[in-house]
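[1] Following is a predicted model, sequence given first.
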Amino acid sequence: MDGEEFTITTPTQGNVSFRLTDTLLLVKHSDSKCKEIPHRQVIKAAFDTASGSLEVAYLTKKTKKKYMSLTSIHGQVQDEKRGRAGEWAESVMQSVYEDAGVKRARRLKVLVNPHGGTKQAVALFIKIVEPILRTAGCHCDVIHTTHQGHAYEIAKDLTLDYDAIITVSGDGLIHEVMNGIAQHADPIRAFSIPIAPIPTGSGNGLSLNLLGITDGLDVAVAALNVIKGRPMKVDLFSFTQNGKRTVSFMSQALGLMADLDVGTEHLRWMGDVRFMVGLIRGIIQFKPCPVQLSFKVAENDKAKMAASLRTRQMGDDDGNLASPVSFMSEESVSDALPPLKYLHEDEDGWTTFDEPLLYVYAGKGPYVGRDFMAFPVSWPNDGLIDVMAMPVSSRKDILTGMAGAHKGESFWHPRLHYVKAHAYRVKPLKSTGYLAVDGEIFPFEEFQVEVHQGLGTFLSPYGRYAVDFTSRNPLETAKSDVMKTEYKGKHYRH
Ligand SMILES: Nc1ncnc2c1ncn2[C@@H]1O[C@H](COP(=O)(O)OP(=O)(O)OP(=O)(O)O)[C@@H](O)[C@H]1O
């Protein structure tokens, strides 16, 4: 039945015709040219037999609008086509959902943090996000968090019949959800319920990574990801400190990089500008970060990391997407978190970095904020954590290093050490300093981090981070060999 044209008569827009092709829904108003809506943006086609009315809904980008717009068109189907309208609407739904590997009418646990970022979460959810989710037929069980720790409590006792957990917040609430799930009676099954962020916090790093720099702060694009995204397996980290295990999904920051978060909490109202304020303040203060860093290295050649990223990006299109429709994989169900592999006292195969440092920053996901692609060669489920360490140098050095930070160019800074590791540990050499884990403050005390490959799940439109790292090594070939020699020979002891 694809290809057949259906025309409806609407109360306000005259006649509107629809035709479905293999990839598009064509929408034609009598007085305007035909709109081409990709299947992915179509969220509803429904025919009501009793009234003879057809509703078609989709999202489109409109110039000058901050967010994608929801269009819902209702109207009476012409008499002679009424008998086939139900079947046509069903064939549209089949094409835009099941044929794309997506279950319709997802059941969602929605956590709205009224306190995050610029405190817009409640208004944005009610005005923009909820109408989109409801139009798509999603079942939303909405809770407004009332206190710190609330999302943790909810996630810990979550029933496992949700298709996704939606956080209308920043990254901080996701950290809480992850740690609630880690304490769940059935953590592996709970971790296989995908999380999808609606970006209303100040940093929104996860949303930028899943949706890209152009769409990453668009709450309507994020809502579309909730409806149409597919589960993407991601690595999570165990952060252990003083015998306590915490799950981290994004980053651990020490020194200058922790200054961006810690101490700018009271500036949440600024949105992500607060991180720039933190950076400038950190550069003015220019305090060294008194720690010893050790890691279990997997790769330490930047050029190889960038080449391997390009190879992966050219690989199969949705390589990281889990099988569609049903999210729970019965075979992979085990009932406990993976055990820790590395003991704190284990020295075998560990490399120690001996240079005085200005900061250590480790994590997963290229963007940590809109202006900073900190981990450009990060991959969702390579089983590794990207660790960077900046030795104490001049303010000028740091500033030049940050110049192309929004495009990930600081990766190539000759003084920045960047490794992919299975695990790493930090031992403070003094008692005072800053440590932030996923943006939350932690005691400045010894800790260790290891990676659990593919333990977590996010909803993703692409099955990979929606981030292009196009920057090439400015020193290219010859000079990069010099850097490599210096890297291995001078500052490390094995
Ligand atoms: N009702 C509430 N009152 C106070 N704090 C809350 C409330 N609900 C949640 N929180 C806390 O707010 C903190 C920040 O949440 P969130 O991640 O949404 O915003 P953000 O920190 O501004 O954004 P980002 O993490 O992206 O920088 C979380 O640690 C969470 O525990």
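    Okay, I see it.
[2] Count residues in the vicinity of whichever residue of the stretch 201-350 of the chain sits closest to the ligand, would you?
    Residue of the stretch 201-350 of the chain nearest the ligand, by Cβ to the nearest ligand atom: Gly201 (2.4 Å). The way it works is simple: take the backbone N, C-alpha and C, and place the C-beta from them, glycine included. Number of residues near Gly201 (other Cβ atoms under 10 Å) recorded here: 29.
[3] How about Ile143?
    Applying other Cβ under 10 Å, I find that Ile143 has 12 neighbouring residues.
[4] Quick check: can you list the domain ranges of this structure?
    5-100, 107-228, 237-325+345-493 (automatic domain parsing).
[5] mind putting the ones you listed in JSON lines, distance to Pro338 and mean pLDDT included?
    As requested, the domains of the chain are arranged in JSON lines below (distance: least, Cβ to Cβ, whole Å; pLDDT from 0 to 100):
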{"stretch": "domain 5-100", "distance to Pro338": "32", "mean pLDDT": "94"}
{"stretch": "domain 107-228", "distance to Pro338": "9", "mean pLDDT": "96"}
{"stretch": "domain 237-325+345-493", "distance to Pro338": "5", "mean pLDDT": "82"}
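[6] among these, which is the most enclosed?
    The highest mean neighbour count among the domains of the chain, using mean count of other Cβ atoms under 10 Å, belongs to domain 107-228: a mean of 21.
[7] What is the end-to-end distance of that one?
    13 Å (Cα to Cα, to the nearest Å).
[8] and this protein, which of its residues are near the ligand?
    Contacts of the chain with the ligand, taken as Cβ under 6 Å from any ligand atom, map to 113-117, 145-148, 150, 169-173, 176, 201-204, 268, 439.
[9] Give me the subset of those that lies in strands.
    Ser169 (DSSP state E).
[10] In helices, which of the residues of the chain next to the ligand fall?
    Among those, the ones falling in helices (DSSP state H) are His150, Asp171, Gly172, Leu173, Glu176.
[11] and stretch 168-181, how far out from the chain's middle?
    Distance of stretch 168-181 from its chain centroid, counting by Cα atoms, centre = their mean, to the nearest Å, is 12 Å.
[12] repeat for stretch 289-306
    23 Å.
[13] Let's see it as PDB, backbone CA atoms only.
    Extracted C-alpha coordinates of stretch 289-306, given in PDB (Å, rounded to 0.1, in the frame of the first residue of the first chain):
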ATOM      1  CA  CYS A 289      47.700  19.200  41.100                       C
ATOM      2  CA  PRO A 290      49.800  17.200  43.700                       C
ATOM      3  CA  VAL A 291      49.100  13.600  42.700                       C
ATOM      4  CA  GLN A 292      50.900  10.600  41.400                       C
ATOM      5  CA  LEU A 293      49.100   9.000  38.400                       C
ATOM      6  CA  SER A 294      49.500   5.300  37.400                       C
ATOM      7  CA  PHE A 295      47.700   3.400  34.700                       C
ATOM      8  CA  LYS A 296      47.300   0.100  33.000                       C
ATOM      9  CA  VAL A 297      48.000   1.300  29.500                       C
ATOM     10  CA  ALA A 298      46.300  -0.100  26.300                       C
ATOM     11  CA  GLU A 299      47.500   2.600  23.900                       C
ATOM     12  CA  ASN A 300      49.700   5.700  24.200                       C
ATOM     13  CA  ASP A 301      50.200   6.800  20.700                       C
ATOM     14  CA  LYS A 302      47.900   9.700  19.800                       C
ATOM     15  CA  ALA A 303      48.300   9.200  16.000                       C
ATOM     16  CA  LYS A 304      47.300   5.500  16.400                       C
ATOM     17  CA  MET A 305      44.300   6.500  18.500                       C
ATOM     18  CA  ALA A 306      43.100   9.000  15.900                       C
END
